[in-house]
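Undergrad: give me the fold of what follows.
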Amino acid sequence: MNTTDELILANLIKNTEYTKRVLPYIKHDYFDTVAQKVIFKNLESYVNKYNSNPTKEALYIEINKNKGMTEAIYNSVNSTMESVLSISENQNLDWIIETTEKFVQKKALHNAITKYGLGELQKVVLVNVH
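TA: Residues are numbered from 1 along each chain as shown. Reported below is the predicted structural model:
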């Protein structure tokens, strides 16, 4: 079963229009696993450098350039890549963008609560509202 994280990664690899519209709003720390973060960071770096989506081969090469990856992380990245690449390219663009917006909002809120704690976050929100 694929996760929303993997669905987003698959579309970032396979769908140029989607990538152009959502990549600026996605951060690596929105992904749950180290493998997903490694894939996203390499994908983002490639898109920013070459202004195009990487092929799966190019992405594998970029990932393999990472120094210091343990064997466990390397195996996890390869397993995640297989799962991500198995996802169909036939996603409705409006639906996947809406799904990504909800994902980004949820992850941003979760990360803010984790970073600041709920009490501090309430103070920040109240100060910014007034």
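Undergrad: going forward, measure contacts and count neighbours with C-alpha atoms only.
TA: OK.
Undergrad: start and end of stretch 60-68, how far apart?
TA: End-to-end distance for stretch 60-68, by CA to CA, to the nearest Å: 16 Å.
Undergrad: wait, I meant stretch 59-69
TA: OK, stretch 59-69 end separation, CA to CA: 16 Å.
Undergrad: ok, now which ones touch the residue nearest to the spatial centre of the chain?
TA: Note on the chain: the residue nearest the mean C-alpha position is residue 40, at 4.9 Å, using CA atoms, centre = their mean. For residue 40, the contacting residues are 9, 28, by CA atoms under 8 Å, 6 or more residues apart in numbering.
Undergrad: what's the spacing between it and residue 114?
TA: Distance check for residue 40 against residue 114: by CA to CA, it reads 21 Å.
Undergrad: residue 88 now?
TA: 33 Å.
Undergrad: then residue 94?
TA: For residue 94, the distance to residue 114 (CA to CA) stands at 30 Å.
Undergrad: what helix or strand does the residue nearest to the centre of the chain sit in?
TA: If you go by DSSP states H and E, residue 40 is part of helix 34-50.
Undergrad: all set now, cheers.
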